[in-house]
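In: Got a sequence here, can you model it:
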Amino acid sequence: MEWLEFSTDNCSVRRTVALVGEKWSLLILRDAVNGIRRFDHFHRHVGLSEAVLADRLRKLVAAGILETTPYREPGNRTRHEYRLTAKGWDLWPVVVALMQWGDKHAADPEGPAVAIHHTGCGAPVHLSATCGDGHGALTPRDITAAPGPAALRNPARREV
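Out: Numbering: from 1, shown residues only. As a prediction, the model looks like this:
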């Protein structure tokens, strides 16, 4: 496959980045996968303005990545917490991959700020790509990209 022969206008990576590729959205997702649910907790922990946080939460809810659930503490008005949907939880490997890349290439000199371990055995968690037949720890050299059913020819492609 000649990559330049195909349009990227309907690329899944492009669509995903449009939904979650902005810095604050990714940090909200990081906190959501770690159990943060309430607006004030996101605000304090992520460290962004209330207006920007409200906008990003609204967009993540509209995209079906988060959902709101009402709660009420005694003496206060009803508020909403933000919970990951199944679609949101499907982004967990993305958050872990970003963390592990950062641990390798952008960590604090003292090391990673967070370590994740398998609850069952205590071993560190490492993400890896596998094929449908279970062959694991694939590298880019082990895979082939091919046009999918929605692939579009790139009309701007001109032979030189």
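In: Just to be sure, residue 60 is in a helix?
Out: Yes. Read with DSSP: H, G, I helix; E, B strand; the rest coil, residue 60 is one of the residues of a helix.
In: Isn't it up against residue 67?
Out: No. Between residue 60 and residue 67 there is no contact under C-beta atoms under 8 Å: 9.4 Å. Just so you know, the C-beta spots here come from the backbone N, C-alpha and C atoms, and that holds for glycine as well.
In: more crowded one of those two?
Out: A direct count of neighbours by other C-beta atoms under 10 Å for residue 60 and residue 67 places residue 60 higher, at 24 against 16.
In: which residue sits closest to the more buried one, ignoring its sequence neighbours?
Out: residue 66 (4.4 Å; C-beta to C-beta, 6 or more residues apart in numbering).
In: can you check residue 135 too?
Out: residue 142 (7.9 Å).
In: Model confidence for that neighbour, exactly?
Out: At residue 142, the model reports a pLDDT of 94.
In: now do the one 10 residues further on
Out: Residue 152 carries a pLDDT score of 84 in this model.
In: show me the contacts for the residue nearest to it when sequence neighbours are not counted.
Out: Leaving aside its chain neighbours, residue 152 sits nearest to residue 7 (4.3 Å; criterion: C-beta to C-beta, 6+ apart). By C-beta atoms under 8 Å, 6 or more residues apart in numbering, residue 7 lies in contact with 151, 152, 153, 154, 155.
In: which residues are in contact with both of residue 60 and residue 67?
Out: Joint contacts of residue 60 and residue 67 (C-beta under 8 Å, 6+ apart) are residue 82.
In: which ones are touching the spatially closest residue to residue 117 that is not a sequence neighbour?
Out: Nearest residue to residue 117 in three dimensions, chain neighbours excluded: residue 124, at 5.7 Å (C-beta to C-beta, 6+ apart). Taking C-beta under 8 Å, 6+ apart as the contact definition, residue 124 lies against 115, 116, 117, 118.
In: buried stuff in the helix or strand harbouring residue 104?
Out: Using DSSP states H and E, the element containing residue 104 is helix 92-105. By neighbour count on 16 or more other C-beta atoms under 10 Å, the buried set for helix 92-105 is 95, 96, 99, 100.
In: Could you export that helix as PDB, CA atoms only?
Out: Taking C-alpha atoms only, helix 92-105 is exported to PDB below (Å, rounded to 0.1, in the frame of the first residue of the first chain):
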ATOM      1  CA  TRP A  92      -7.700   3.300  29.200                       C
ATOM      2  CA  PRO A  93      -4.900   1.700  27.100                       C
ATOM      3  CA  VAL A  94      -4.300   5.100  25.400                       C
ATOM      4  CA  VAL A  95      -3.800   6.700  28.800                       C
ATOM      5  CA  VAL A  96      -1.500   3.900  29.900                       C
ATOM      6  CA  ALA A  97       0.500   4.100  26.700                       C
ATOM      7  CA  LEU A  98       1.000   7.800  27.100                       C
ATOM      8  CA  MET A  99       2.100   7.400  30.700                       C
ATOM      9  CA  GLN A 100       4.500   4.600  29.700                       C
ATOM     10  CA  TRP A 101       5.900   6.700  26.800                       C
ATOM     11  CA  GLY A 102       6.300   9.600  29.200                       C
ATOM     12  CA  ASP A 103       8.000   7.300  31.800                       C
ATOM     13  CA  LYS A 104      10.500   6.300  29.200                       C
ATOM     14  CA  HIS A 105      11.100   9.600  27.400                       C
END
